[in-house]
Every structure is written in structure tokens, then in C-alpha cells.
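Student: Make a model of this:
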Amino acid sequence: MADFVGALDQGTTSTRFMIFDHGGNEIARHQLEHEQILPRAGWVEHNPAEIWERTRAVVESALTKANLTSGDLAALGITNQRETTVVWNRRTGRPYHNAIVWQDTRTDRIASALEREGKGDTIRHRAGLPPATYFSGGKIQWILENVDGVREAAENGEAVFGNIDTWVLWNLTGGTDGGVHVTDPTNASRTMLMDLETLDWDEELLSFFGIPRAMLPEIRPSSAPDPYGVTRASGPLRGEIPLTGILGDQQAATVGQVCFAPGEAKNTYGTGNFLLLNTGIELVRSKAGMLTTVCYSFGGQDPVYALEGSIAVTGSAVQWLRDQLGIISGAAQSEALAAQVEDNGGVYFVPAFSGLFAPYWRSDARGAIVGLSRYNTNAHLARATLEAICYQSRDVVEAMREDSGVALDVLKVDGGVTANELCMQLQADILGVPVSRPVVAETTALGAAYAAGLAVGFWNDTDELRRNWNEDRRWEPAWDEDRRAEGYAGWRKAVERTYGWVDVD
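Tutor: Presented below is the predicted three-dimensional model:
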């Protein structure tokens, strides 16, 4: 068998290809950003053709860096930004519209209408999700209703839908020349269209959005001994590599953090934050604003479920300080600036740029900076930004405890923001539990590699994967309970100030 496994990690702001060895060690990577298209307030788009070109480039560059060829890869896994919606013509390969990104809020009226018409409870029960702008179903409906010719093309079988995993897989396996139209349950469970119990598209849910079933990809296990397909020799890998793993990015990070037992949890710090708690084969329906989702589905085994707390804006709030306000020149500078002050100086920043996700689900909210006085400086705002990342995560942990009864002993963390050591210390302080970062912080790509490698026997079982996990750094809480309670009370008061800022029909 070949010595390595490849993982394509297509994220919200960039695409990267990583190569791992049997010990789960990174051998090579290449990463490229893509444009964030912002046509109007609340709208966020990506160019699917640009994403495919970035995919080709990062695969070729990573292989070149490692002096490897496609023949050195035993399998390939894909992980992706979830919910981001592409509709394209299967005959020409051209998208009908830019991809509508998970952060986009243009479907707020669609989500509100579902609630108003009494369909919300059915969606919650079947799909495990509240009607919200976050998920793919409303985005597909918007494209069908607003882009000329798409409804007719969908009815006659020409227009097809996929989240980014499906779009990339279709292109890797040939595109217009026999491309495979497939997804996995972790991505399908983010559409508001899949029944969590059957792991199949639900006709009643499809009818709520007016979506023809023929548009939708086949749902296959997240780790598939029978490959979804193979890469084409004409593609970036220039060889037929079996594609055997697909996981939405947050589920991939859960697998990469080896959270295989019920009660184990991880928090990924990226553009947004995503905290997943493994609930095993039990489907736990949330009463506290969490999402019920598929954690992973390995071929031949019962699906494993999770509770998830999805937070729209965390790392991207730091980008906002850099790109829109210009108070830092790079994300790393946020730590040094925030460290200039001992506390937030009474300032709270609630970055509800796209409304509030878990556990509030308030599409009428917008961002707010509160508690300002002339005493405050840009350092206080930088610290409030880091604290906002951590307070939003505490909101989710509190809701998960209410739903599951599980109190965390430790929080495993991963993603780019974990390089900010002040932020991780604040997370331990605000939560009151230790925070643990693994040696391999890029667990999203690693999880996709694990899913693909398990399918072909590159790794034998999840116990072998557990042995690969090693801790790099641990942060212990330093705040006393009074400071923790006072800070959280201020945060909750700030959150309430963001409600009702925009009108939602």
C-alpha cells in the first residue's frame, strides 16, 4: 500500500491540500485564499470556478513540495465548509450563480415564512435544525426563484445542487465527463432536507422549499470502502486515486480530535466557532438551541450523532479588525494588542454581523460594541474581540449541558485561532475548565484523511487513531468564580442589546 493519505480541506476563506503519514503527521501542505464576494449587506458569496482552480493548484503544489506523485497516496478525503450552496449545469459544468455562503442572510424571509406557516417544528424534528438562513435548503430555494432558467433546468434534470464537497468531488471525478454526484450524511444533515433517522432526502421537507429531488446528490457513508469514484488522470492528481472519505469540516475536526466516545467534545476556531459533542448512536433532540447533526457515518456501522453549537463570527471578527477597521496589520497582532491591557475596560463586542447563531438563533440581531467610554483604546477593543470568541463558546457549552447533562472536564480545541495563546487562556478562564490543544492543530484535514484511510485499511480502526493523538499545550483557568460570573453577566447583557436591529418579516 502507498505510504500517505491526502486530504483536501476547502474552507470559507481558503483551500488547502495536506498529506499525512501513518502516524497522522503532516508531510506537506499548500494553501491559497479565495475572494470573499460581498454584493450587499448580509450577502456573502464565493466563485465556485475560483474554488475549483484553487483546488487544482494546492493539490499540485503540495505534491511537488513533498516530491510525491499521485501513486504515493493510498486514498483521498474531502472536508469542506458546510451549507455553502452551489447549483450548476451538469452538461456544461457552469454554475448558475456564485456559491451562496453559509454566513449569507438573504434567505431570512424564507426562514421566517417557514416558522410562520407552522413548518418549523417538522424541520426541527426530521432534520434536527431550526429554520435559519445558515442552512442550504433556503439557499437552493432562493436560486430557484431568483436566477433565470434554473427552475426549468432543475425540473428537466440539468441543474444540480451540491455543497462544496459535492462540487469538488464532481470536478475531481471528471466533471462533465462522468463526474460523480455524491455527498455524505454530515453534509446532507446541514440542508434542512435530510431525515436524521433514515439518512435520506425527505419528500415533505423538499416540498417545503419547492426543490426537485433530481437536483440532489446521492448520500453515501462518510468513510466508504467502495469508493465514491477515482480522480481522473487529466485532473490535478494525474492518476486514479480512490476518493473514500467525505466529512463536513466540523465533523472532520471531531474525527481528527478522536472524539469517538459519547461525551467527548471539541471546539474548532476558524471563521466561526463550532463546538461538537459526540452523543453516540443516540439522536438527542435539543431543547436549548443546539443543532442535532450526524457526527460521522462509517461504512457498515450505525451512524454516530452529535449536538453542535454553531457560532457565525469568531476568527472573522479578528479579520474585521484588520480589513475593515485597520487597527491591526495581521491576525497575529491581535494578541499583542489585546495583551497591552489587563481586562476589557468594560467593553463588550458582540459580532452578530450575520445575526446570532447558537443558542440564540436571532436573525434580527446585528453587531454591537457596548460599554465604551473615553478611557477605552483599540487595545480594549482587541481584547473584547478575543473575549467575544470565548463568551460565544461558553453560551454553547451552557446550552449543551442543559440538553445532555454532560459537564465538560476538558475542552479539546483546534483551528487557526488556537495559535493565539491569550485567546486560549481567556477561553479557559471564561469556561472554568482546562483547554487542550493537540500537536496537530489542523485536525479538520486530518479527520478527512482518517475517514479516507480507514476505508482502505491504511488505518485499522479508531483505537489506532487514538494512539496518534498527542497534547501540545494545556491552559488552566486562572479567574476566580466571581470574576467569571461578573464577566459572563456583562456579556449576556451585551447580547440582548443586539436584538431587533433589523426587521425580519
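Student: switch to C-alpha atoms for all contacts and neighbour counts from now on
Tutor: OK.
Student: by contact count, what packs against the helix ranked longest in the chain?
Tutor: Counting residues, the longest helix found in the chain (DSSP state H) is helix 378-404. Judged by 3 or more CA pairs under 8 Å, 6 or more residues apart in numbering; DSSP states H and E, helix 378-404 is in contact with strand 273-280, strand 304-311, helix 315-320, helix 333-338, strand 348-350, helix 421-431.
Student: Averaged pLDDT, it. What do you get?
Tutor: Per-residue pLDDT values across helix 378-404 average out to 93.
Student: In terms of secondary structure, what does whichever helix or strand comes after it contact?
Tutor: For helix 378-404, the following helix or strand on the C-terminal side (DSSP states H and E) is strand 411-414. Judged by 3+ CA pairs under 8 Å, 6+ apart, strand 411-414 is in contact with strand 265-269, strand 435-438.
Student: nearest to Y360, of those?
Tutor: strand 265-269 (18.2 Å; CA to CA).
Student: Tell me where this protein is predicted with low confidence.
Tutor: By pLDDT under 70, the weakly predicted segments of the chain are 504-505.
Student: quick check, L169 in a helix?
Tutor: Yes: under DSSP: H, G, I helix; E, B strand; the rest coil, L169 sits within a helix.
Student: how near is the closest residue to it other than its chain neighbours to V294?
Tutor: Spatial nearest neighbour of L169, chain neighbours left out: V180 (6.8 Å); criterion: CA to CA, 6 or more residues apart in numbering. Computed as CA to CA, to the nearest Å, the V180 to V294 distance reads 22 Å.
Student: Between these two, which is the more surrounded one?
Tutor: Set V180 next to V294 and count neighbours by other CA atoms under 10 Å: V294 wins out with 32 against 22.
Student: quick one: the more buried one is in a helix?
Tutor: No: if the criterion is three-state DSSP, then V294 is strand and not within a helix.
Student: Can you tell me who it pairs with across the strands?
Tutor: Applying DSSP bridges to V294 gives these bridge partners: Y305.
Student: show me the contacts for it.
Tutor: Residues near V294 by CA atoms under 8 Å, 6 or more residues apart in numbering: 185-186, 189, 196, 303-306.
Student: can you list those in JSON lines and add neighbour count and distance to I246?
Tutor: Listed next are these as JSON lines, based on neighbours: other CA atoms under 10 Å; distance: CA to CA, whole Å:
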{"residue": "P185", "neighbour count": "26", "distance to I246": "9"}
{"residue": "T186", "neighbour count": "27", "distance to I246": "8"}
{"residue": "S189", "neighbour count": "28", "distance to I246": "13"}
{"residue": "L196", "neighbour count": "23", "distance to I246": "17"}
{"residue": "P303", "neighbour count": "22", "distance to I246": "14"}
{"residue": "V304", "neighbour count": "20", "distance to I246": "15"}
{"residue": "Y305", "neighbour count": "25", "distance to I246": "16"}
{"residue": "A306", "neighbour count": "29", "distance to I246": "17"}
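Student: could I get those as CSV with distance to T12?
Tutor: As requested, the contacts of V294 are arranged in CSV below (distance: CA to CA, whole Å):
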residue, distance to T12
P185, 20
T186, 17
S189, 19
L196, 25
P303, 26
V304, 25
Y305, 24
A306, 22
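Student: just curious, which of those is nearest to G210?
Tutor: Once CA to CA is applied, the member of the contacts of V294 that ends up nearest G210 is S189, at 18.0 Å.
Student: Quick check on the closest one: phi, psi?
Tutor: Taking degrees, to the nearest 10, you get phi -70, psi 0 for the backbone angles of S189.
Student: surely it meets T293?
Tutor: Yes: counting by CA atoms under 8 Å, T293 is a contact partner of S189 at 6.0 Å.
Student: Pull up the overlap in contacts between these two.
Tutor: Common contacts of S189 and T293, defined by CA under 8 Å, 6+ apart, comprise 127-128, 196.
Student: now, which of those residues lie within helices?
Tutor: Per DSSP H, the subset of the shared contacts of S189 and T293 in helices is A127.
Student: Could you dump the shared contacts of S189 and T293 into a markdown table and include distance to T254?
Tutor: Below are those laid out as a markdown table (distance: CA to CA, whole Å):
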| residue | distance to T254 |
| --- | --- |
| A127 | 20 |
| G128 | 19 |
| L196 | 19 |
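Student: Pick the one among the shared contacts of S189 and T293 closest to D429.
Tutor: Using CA to CA, those come closest to D429 at G128, 31.4 Å.
Student: mind listing what the residue nearest to the closest one when sequence neighbours are not counted touches?
Tutor: Closest residue to G128 apart from its sequence neighbours, by CA to CA, 6+ apart: T292 at 4.6 Å. Shown in contact with T292 (CA under 8 Å, 6+ apart): 127-129, 283-286, 305-308.
Student: still on that earlier bit, what is the nearest of the contacts of V294 to I78?
Tutor: T186 (11.9 Å).
Student: does that closest one count as helix, strand or coil?
Tutor: helix.
Student: Distance check, the closest residue to it other than its chain neighbours against G371.
Tutor: Of all residues not flanking T186 in the chain, V294 sits nearest, at 5.1 Å (CA to CA, 6+ apart). Counting by CA to CA, the separation of V294 from G371 is 40 Å.
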